[in-house]
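K.L.:
please work out how this folds:
(chains A, B and C)
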Amino acid sequence: MSTAVSDAARPGAPTGATELALPKQRGYWGNVGYRLRYDPVTLCFGGLLLLIILAAIFSPWLAPFDPYQESIIRRLKPPGFQGRYWLGTDELGRDMLSRLLYGGRITLTMGIVPVFIATLIGGGLGVVAGFAGGVVNMIIMRVTDVFYAFPSVLLAVAISGAMGGGAGNGMIALTLVFIPPLCRVAETATSQVRNLDFVDAARATGAPLRLVLWHHVLGNVLGPVLIYASSLVSVGIILASGLSFLGLGVKPPEPDWGLMLNALRQAIYVSPLVCAMPGIAILLTSISMNMVSDGLRSAMDVRS
Amino acid sequence: MTPLVEVENLSVNFVTRESDVRAVNGVSFTMMPGEVMCMLGESGSGKSVTMRALMRLLPPKRSVITGSIRIAGQDVLAMNDATLRRMRGNSVSMIFQEPMTAFDPVVSVGDQIAEVVALHRGVSHRAGRQRALDLFDLVRIPSAQRRLDAYPHELSGGLRQRAMIALALSCEPKLLLADEPTTALDATVQIQVLILLRRLQQEMGMSVIFVTHDLGVAAEIADRVAVMYAGRVVETGPVRDLLRNPQHPYTAGLLASTVHDQPRDQDLKTIPGAPPDMRRLPPGCSFAPRCPLAGADCDAGMPPPVSPAPGRIVRCLRVSAPQVEFA
Amino acid sequence: MAMTSFAVEEHDERDRGGPQQPLLTVTDLKKHFAIRGGILGRVTAQVRAVDGVSFVVRKGETLGIVGESGCGKSTVARLLMRLIVPDAGEQIFDGEAVGERGGISVAEMRRQVQMVFQDSASSLNPRMPVQNSIAFGPIAFGTPRAEAIGMARELLVKVGLNPALFGGRYPHELSGGQKQRINIARALALKPRMIILDEAVSALDKSVEAQVLNLLQALKRDLNLTYIFISHDLGVVRWISDRVLVMYLGEVVEIGPADELYNAPKHPYTSALLASRPALDPDNRREEAPVSGDPPNPINPPSGCRFHTRCPHVEAVCSAKAPMLGHGDHGAHLAACHMQDPTSGHSQAVRH
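P.N.:
Reported below is the predicted structural model:
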């Protein structure tokens, strides 16, 4: 930003007669990207997250073994067994690395898809509630409050339990769990923006409401909602793992991180290192997700 | 008489990852007991930061303070936490623009003042309440007894400001720091609070440093005025001399551009341009880019302080007067 | 740069009723805000923010509105723009009732009346380059985007900012004075006939305030504008206004030509306001505050004359009966005070 040296008093006389070097103009998202580039922590964790996602996508090509191939003789072998089983084997003798890679697909899907759908539904409801105010706001927000009354884990367990387990039902349960908080964040952001003078100024031009919403409200609500949603992905992964752990999400023998953790729990004294693997995978993914959303938040702060 | 406040070459830098904001750049002044000094300046001129530095209220991790501050002979920058706490409660206190921030919203104002008095004087809560009542009478809050039980939000703006003054005076400070205490008030209330502060200052004989951006407020309350621009004191002097015969071009421009019964068919006199970016100050006089009298020599370095008359100090190359030696 | 598109000829074809017809007539404007309490959300009290305000603004003049916080001056501005819906009152813009059958629509009125807000920071969208903020109105009304941006850059020149330097910037990259210039440019973008300036210079530093005031005066001359200038700063209002209206607790207490009102105020509240100004002369300091206490709460305001709780001339009639502002032709100096009415029974009432 260049110094504001001149601020001529008379109209018609352009300021900056001494043409200062024009600062490079980037759009809003250009600025966000620019700031992210100079944030090494976010970049590191972003890279890690990208690796995890790529590994999950390309698991059929990356996995050294069939993740379902059992063997009684090589059960619970430590990492580096025979020089081929780099991360050891699980309680049924399946290769840990292959299962973790394949499991990433399921676990990440369970974490990301519900958040994505809930962002669309909850965010939409929140914007409507926040901008309309009055009775509409009251109805939408009171209904979400009812869901809020339950702890999210309990709610997820109850819904997927009632629908009878399975990955699909688990995702529906998680979506339902995430709609209320996203709705609330969107509602708060919208009602804050709505009360700012620039929205009034836009209304005062006589422009139709949809243009005011589109140009002046949505852009300013999107930021906080996206940041919150990205932080929910890690919650989603943990909740999904939790559901699987309880036998309500993914069914065996599918390789899901939560399910793997559950199955290996009995072997914790036999082969502690192998047992910890799925937990470490969950931990790394959710930490990087959180760090990335943190970095995103500071990069999106206009005033920084 | 020994000065109550001596500030020498005070500088405050706010350091962040991206930039280094030089909020205060070498401020020096002394103040006698019983004096009222106004720090006059626009937003970003460093007047509030200087004041907070006196109380050491700046965030210690992000701000770098250099120079020296002595209040009643004590070195403020060298104080440990316990001494600092004692100074803040007993010899120096502060009032702010927004009194709501000074009070706990869920405790009645009377109890809050009583608590402070009990803490600092080691008296009972009951004695503290009595003192609070006396203070409310002192700051002329009508029906004081009843108002002691009010919560901060139940008081009107003017009463809240009076209650904050009562809180600040509870331990009879030698020095009162007032940071724009009347700016948020309505015109008819502002004058009441100004008159009250002036009376209290005279009755109690305390010194006041009063930060304001309003020349009129300074004219009402100050003995001496220090005009700040871009983190420096560009001119100080007794209030009458300074307002009648401003020496620094910035002071003169500020006086001329303040709207006060000018003829309506003429344009107002203005200072062109805007204050400098505090991250990139010009090397010389920071007012030079806006100054009608500026020349190439102004960019060489900050002009040394000169004294055109007793008690007046100006930092401008265009003022011909003997140079001042700071002790 | 060509500026023909903003120049206004001697004869303004938007002018319908001729120069004698007032641009804006407001009659008995009212807005009460309900305060709800309890679990059922019942109305427990009414804030009488604007309570029967009437005035006339003539073409080409500047009407100043002064008053303390809570007197309803900002609510008047938002009511005139219909950003809040009035409870009662008639608003006639150049001979046509606003928002009524046979008159002009609110949207049409908004094209001709624009507003500049106090807080220069929050009145600009932080995610939009400032030239897009200026161009938003014209684009919304169908001007092609490129043309609207071109107009916006032309307006930047008009408010004294170099478009090459400032057009693509975001609000946080500008100083307060520059942001307020952008807000003024945005208000000009729809070529309005009237601009409502709600504390438009109050947040600016003194040296910048004078620049913006000069700019406003020059724009008014060049573009044939009419202003409603709302402020708590009496000095600024006097300098910019032809006529001044003083509000107290939602009502008009005095209205009149600026110099007359400042030199010989008729209402005790106006006198008190004027006498509360700091003297700017250390030898002539105010020794006694003209009135004591704060303005009362606009929830359940005092009976009769609303100023009677603080007035130095209060008598029994003041709390019993509300004084009327009275009627007069344009430019009349009127005050809603019993002392101005020979028949009121007040002992200090003027005699004819």
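K.L.:
ok, B:Gln190 - contacts?
P.N.:
In this structure, B:Gln190 makes contact with B:182, B:217, C:276, C:278, judged by Cβ atoms under 8 Å, 6 or more residues apart in numbering or on different chains. Just so you know, the C-beta spots here come from the backbone N, C-alpha and C atoms, and that holds for glycine as well.
K.L.:
wouldn't C:Phe117 be in contact with C:Ser123 here?
P.N.:
Yes - the pair C:Phe117 / C:Ser123 is scored as a contact, 4.1 Å apart, by Cβ atoms under 8 Å.
K.L.:
pLDDT at residue 213, what is it?
P.N.:
Looking at chain A here, since you left the chain open. Model confidence at A:Leu213, expressed as pLDDT, equals 86.
K.L.:
that's the other chain; I wanted chain B
P.N.:
If you check B:His213, the pLDDT there is 90.
K.L.:
check the one 10 residues further on too.
P.N.:
The model reports B:Asp223 with a pLDDT of 94.
K.L.:
excluding sequence neighbours, find me the nearest residue to the residue of the stretch 151-300 of chain B at minimum distance from chain C.
P.N.:
Sorted by distance to chain C under Cβ to the nearest Cβ, the residues of the stretch 151-300 of chain B start with B:Gly216, at 3.0 Å. For B:Gly216, ignoring the flanking residues on the chain, the nearest one in space by Cβ to Cβ, 6 or more residues apart in numbering or on different chains is C:Pro278 at 3.0 Å.
K.L.:
cool, B:Ala118 as well?
P.N.:
Closest residue in space to B:Ala118, ignoring its immediate chain neighbours: B:Gly128 at 4.1 Å, by Cβ to Cβ, 6+ apart.
K.L.:
just to be sure, that neighbour is in a strand?
P.N.:
No - assignment of B:Gly128 by DSSP: H, G, I helix; E, B strand; the rest coil gives helix, placing it outside any strand.
K.L.:
separation between it and B:Ala114?
P.N.:
Between B:Gly128 and B:Ala114 the distance is 3 Å, computed by Cβ to Cβ, to the nearest Å.
K.L.:
these two - which one has more neighbours?
P.N.:
Looking at B:Gly128 and B:Ala114 with other Cβ atoms under 10 Å in any protein chain shown, you find the greater number of neighbours at B:Ala114, namely 26 against 23.
K.L.:
the residue of the stretch 151-300 of chain B closest to chain C against C:Ser276, yeah?
P.N.:
No - with contacts counted by Cβ under 8 Å, B:Gly216 stays clear of C:Ser276, the gap being 10.4 Å.
K.L.:
quick one: C:Cys92 and C:Gln21 touch, right?
P.N.:
One thing to correct before we go on: residue C:92 is Ile, not Cys. No - contact between C:Ile92 and C:Gln21 fails when scored by Cβ under 8 Å: they sit 9.5 Å apart.
K.L.:
what sits closest to the residue of the stretch 1-150 of chain B found nearest chain C if chain neighbours are left out?
P.N.:
Proximity to chain C, evaluated over the stretch 1-150 of chain B using Cβ to the nearest Cβ, is greatest for B:Glu42 at 3.8 Å. Across the structure, with Cβ to Cβ, 6+ apart as the measure, the residue nearest B:Glu42 apart from its sequence neighbours is C:Asp205 (3.8 Å).
K.L.:
count the neighbours of that neighbour for me.
P.N.:
The number of residues packed around C:Asp205, counting by other Cβ under 10 Å, is 23.
K.L.:
assign C:Ile92 to helix, strand or coil.
P.N.:
The three-state label given to C:Ile92 by three-state DSSP is strand.
K.L.:
please enumerate the helices of the chain.
P.N.:
This is for chain A. If DSSP state H is used as the criterion, the helices of chain A fall at A:28-37, A:40-57, A:59-62, A:96-132, A:134-148, A:152-163, A:167-194, A:197-204, A:209-212, A:219-245, A:257-264, A:272-300.
K.L.:
that was the other one, I meant chain C.
P.N.:
Using DSSP H, the helices found in chain C span residues C:73-80, C:106-112, C:130-140, C:145-158, C:163-166, C:176-188, C:206-223, C:234-240, C:258-263, C:268-275, C:316-320.
K.L.:
return the most buried member of these.
P.N.:
Across the helices of chain C, the average number of neighbours (mean count of other Cβ atoms under 10 Å in any protein chain shown) peaks for helix C:176-188, which reaches a mean of 26.
K.L.:
between that helix and helix C:145-158, how big is the angle?
P.N.:
Using axes from the mean of the first three to the mean of the last three Cα atoms, to 10 degrees, the inter-axis angle of helix C:176-188 relative to helix C:145-158 is 130 degrees.
K.L.:
now do helix C:176-188, average pLDDT.
P.N.:
The predicted confidence, averaged over helix C:176-188, sits at 91.
K.L.:
off-centre distance for stretch B:278-298?
P.N.:
For stretch B:278-298, the separation from the chain centroid amounts to 25 Å (computed by Cα atoms, centre = their mean, to the nearest Å).
K.L.:
who's in contact with that stretch?
P.N.:
Taking Cβ under 8 Å, 6+ apart as the criterion, the residues outside stretch B:278-298 that touch it are A:3, A:5, B:19-23, B:25, B:44, B:229-232, B:234, B:248-250, B:253, B:271-274, B:276, B:299-303, B:315-318.
K.L.:
hmm, back to that, settle it for me: which of C:Ile92 and C:Gln21 has more neighbours?
P.N.:
Neighbours per residue (other Cβ under 10 Å) separate C:Ile92 from C:Gln21, with C:Ile92 holding more: 20 against 14.
K.L.:
re earlier: and the residue of the stretch 151-300 of chain B closest to chain C, how far is that from C:Pro323?
P.N.:
B:Gly216 sits 31 Å away from C:Pro323, taking Cβ to Cβ as the criterion.
K.L.:
who's more crowded, the two?
P.N.:
Higher neighbour count among B:Gly216 and C:Pro323: C:Pro323, with 24 against 19, using other Cβ under 10 Å.
K.L.:
and that one, what is it in contact with?
P.N.:
C:Pro323 sits next to C:304-305, C:336-338, C:340-341, C:344 when contact means Cβ under 8 Å, 6+ apart.
K.L.:
ok, 10 Å please
P.N.:
C:251, C:253, C:267, C:304-308, C:317, C:335-341, C:344, C:346 (Cβ atoms under 10 Å, 6 or more residues apart in numbering or on different chains).
K.L.:
and for B:Val27?
P.N.:
Under the criterion of Cβ under 10 Å, 6+ apart, the neighbours of B:Val27 are B:7-12, B:39, B:46-47, B:49-50, B:53, B:67, B:69, B:226, B:228, B:231-233.
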